[in-house]
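**Student:** Would you be able to build a 3D model of this:
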Amino acid sequence: MSSILDELNEEQRKAAEKIEGPVLILAGAGSGKTRTVTYRIAHMVKEIGISPLNILALTFTNKAAREMKERATALIGHEANNLVVSTFHSFSVRLLKTYSERIGYGRNFNIYDVDDQKSIITKIKKEMGIKDNDGVQPGKLANKISKLKEQGIGIKELEREIDMRISANRLFGEIYQKYDEILKANNAMDFSDLLLNARKLLDDAFVLEKIQERYKYIVVDEYQDTNDIQYEMINLISAKYRNICVVGDEDQSIYAFRGANINNILNFERDYKEAFTVKLERNYRSTKKILDTANELIKNNKSSKGKTLWTDGSDGEKIKIYNAATVFDEANFIITEMKKKKKDGAEYKDMTILYRTNAQSRVLEEKLLAANIPYKIYGGMQFFQRKEIKDILAYLSLLNNKNDNHNFYRIINVPKRSVGEKTLEKIQEVANEKNISMLEALHYIDSIPVRTATKLALQEFYNMMQSIYSNLDEMSIKEIFDEILIKTHYIDSIEDNKEDRVRNIEELLNSIAEIEKQNPNMSLNEYLDMISLSSATDEMEEDENYVKLMTIHSSKGLEFDYVFLAGMEDGLFPSISFDAPEEELEEERRLCYVAITRAKKELFISYSSSRKIWGKDDNARRPSRFIYEMKQENLEYVSGEYGNKLQNPRSFTPKVENFNPFSKNKIGTFGKKLNSSQAAVPNMNSKYKVGDVVKHKKFGRGKIKKVDMKSMIVEFMVGEKKIALVLADKILEK
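**Tutor:** Predicted coordinates:
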């Protein structure tokens, strides 16, 4: 009898057939994990008869959730409408909208972003008399608060975690407390609150039982990216029936800075001793040479369960390595190669430039502009972060939630209404006295002692908001949007960059129209939730023909025919010092592995011998140690033309034909080969020979340059090191 699973390969089928009990799917890059998961869900619904209402599928991006839902729909039809396929944050919002009143929130709570967080903390600092030069930066405080929440540390748990006898800790505790109180008073949550409060809800026996009975089968994608709270949520929900399937790749765990805990996937078989484990190692994306290069690199990590990606596809081209003289030379090399590919029939949309940090994009942008190559940057300022968009969304948020004093502050003078700080303080006093919101306090404007002109402006604002609010249930989101624009004269008030900003507002209106076309019954509250949970990659238009620039972190889950990995220099990538803990180096190596495995057809790696670091020229940049760890026979060291001819000649390194860091003909400071007197004199009795590549526990791979009777000189990426032969076997591997 035929099965829907007949279309899967052997390992994928094993993963999809095992439904009951805990399952660990170790899915390598490009191994078809989304296909496997969706076929597994289709098998559960169509062939086993499990209700889609009892299935919960969780992932990390809206794009991934959307793709999974679309594929499931293609396989099981309308029954997919009853599946819950969402991100962790979206699922948390779903949970909170249903049960938020059990933890003291209204169901129409608003979700604050990072800018909102910083704005609130700035206001708290001002109220507490903390000056800007006191080193208490709102951005850093917001980040610290978020990290604590991601670890499950709310304000109640804080005193157990930090020593409150230290004045700096007490100050932070006060700010955290006030911040939390403001959000609660505004009936608002920040992004980290969504997970923290959803986790708190699961401590409620009534809620937990409801959720466990609803979701008897759980699938978690990208399990290696889960943090401690997500880990606890999953374990609590699955505890009753233990039908939990986690899919992930420990070699792609790159979000430790966001709180991701790689041990969650490494220890799954310890947590669930009866777990069924299957590895997906067949790759459907990349060429053999790209995969071999990635495999060789990741072998250096100890925190790995061991997978070897393979393919039936072509060998492909060698990975091209370019040693640029300057960052301008590097950009020119990338653009030259892109133009070659374009001439050969490739499209710009199939190309991406990846880098370790956003700061690297500036020179690349300049050169792309000069070359008339269309491009778009991901991970910079997102559409919904633009001022005019945030202004409109603030109006919508206040209409959705009258208690939102933060957004009241944002828009009370947008457009300008001449409402000063003293007036706002008086409004706040009335609100506090009557235990109402600042918007509601405007109902008592006649009793607030302010100038007549200001009073009229506030009365007009209040009447406008009340007028829209009274008809809110009968209006579409687009109609609400139109009312705000018309009644506030917002567009007329724009002064700077008017054309661009009006175009952005028009684009927002178009997006609302499109969303309502697809979801005609969407409420204002649902729309705001959707916008709050959007991410940078959600804005990516795959069909638009432009080069995509992004950090490697932003590229996770994406693939491109041609990948240009720029800035492969020690100190930049890996962006850690040589004495950094091993786990940090392994995280950086995983990040490099992710970058390599984004490439389908060709991979280009470049690094510069000269780069400005904190405004100073560094003319002694070294190639990343990760290049040394790659399979050398798959690498081709290419030459190119110099970049900007107007650069200081001292910043240039010589153009080297087929440069290879392992070549016997090392290049000296002025481009000359090292003379024979510098050659190593071999010790015939040593097992270590000149030219051997060895691996040091701390310094990584290096090449032996000289061996004498007592010691040897090894050239590592950090420079030359002298190693005693009696210690060599203890600290080196061949």
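**Student:** helices or strands next to the lengthiest strand in the chain in the packing?
**Tutor:** Longest among the strand segments of the chain by residue count, using DSSP state E, is strand 599-608. When contacts are defined as 3 or more Cβ pairs under 8 Å, 6 or more residues apart in numbering; DSSP states H and E, strand 599-608 packs onto helix 288-298, strand 319-324, helix 327-343, strand 560-565. Just so you know, the C-beta spots here come from the backbone N, C-alpha and C atoms, and that holds for glycine as well.
**Student:** I'd like the mean pLDDT over that strand, please.
**Tutor:** On average, the pLDDT along strand 599-608 is 97.
**Student:** what does that strand contact?
**Tutor:** 285-287, 290, 293, 316-317, 319-327, 329-330, 333-334, 337, 341, 559-569, 596, 621, 623-624, 627 (Cβ atoms under 8 Å, 6 or more residues apart in numbering).
**Student:** List the buried residues in that strand.
**Tutor:** 599, 600, 601, 602, 603, 604, 605, 606, 607, 608 (16 or more other Cβ atoms under 10 Å).
**Student:** Can you tell me the strand partners of that strand and which way each runs?
**Tutor:** strand 319-324 (parallel), strand 560-565 (parallel) (DSSP bridges).
**Student:** distance between the first one and the chain's centre?
**Tutor:** Using Cα atoms, centre = their mean, to the nearest Å, the mean C-alpha position of strand 319-324 is found 27 Å from that of the whole chain.
**Student:** Kindly calculate the angle that it makes with helix 327-343.
**Tutor:** 140 degrees (axes from the mean of the first three to the mean of the last three Cα atoms, to 10 degrees).
**Student:** Would you mind getting the angle between strand 319-324 and helix 288-298?
**Tutor:** Using the same axes, to 10 degrees: strand 319-324 against helix 288-298 is 70 degrees.
**Student:** picking that back up, which other helices and strands does the following helix or strand past the longest strand of the chain contact?
**Tutor:** Downstream of strand 599-608, the first helix or strand assigned by DSSP states H and E is strand 611-613. With contacts taken as 3+ Cβ pairs under 8 Å, 6+ apart, strand 611-613 sits against strand 616-618.
**Student:** quick one: strands adjacent to the strand it packs on?
**Tutor:** strand 611-613 (antiparallel).
**Student:** Pull out the buried positions in the partner strand.
**Tutor:** Buried residues in strand 611-613 (16+ other Cβ under 10 Å): residue 611.
**Student:** thinking again about what came up before, any chance of a markdown table for the strands paired with strand 599-608, columns distance to residue 430 and mean pLDDT?
**Tutor:** Listed next are these as a markdown table, based on distance: least, Cβ to Cβ, whole Å; pLDDT from 0 to 100:
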| stretch | distance to residue 430 | mean pLDDT |
| --- | --- | --- |
| strand 319-324 | 64 | 96 |
| strand 560-565 | 57 | 98 |
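**Student:** Any chance of those strands in CSV with distance to residue 176 as columns?
**Tutor:** Listed next are the strands paired with strand 599-608 as CSV, based on distance: least, Cβ to Cβ, whole Å:
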stretch, distance to residue 176
strand 319-324, 46
strand 560-565, 40
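**Student:** Those strands: which one's closest to residue 270?
**Tutor:** Proximity to residue 270 (Cβ to Cβ) singles out strand 560-565 among the strands paired with strand 599-608, at 35.3 Å.
**Student:** what does the closest one rub up against?
**Tutor:** By Cβ under 8 Å, 6+ apart, strand 560-565 touches 334, 337-338, 341, 346, 350-355, 548, 552, 595-596, 598-606.
**Student:** Check stretch 31-49 too.
**Tutor:** 3-5, 7-9, 12, 15-17, 19, 25, 27, 50-52, 55, 57, 64, 67-68, 71-72, 75-76, 79, 83, 217, 219, 221, 245, 247, 280-284, 309.
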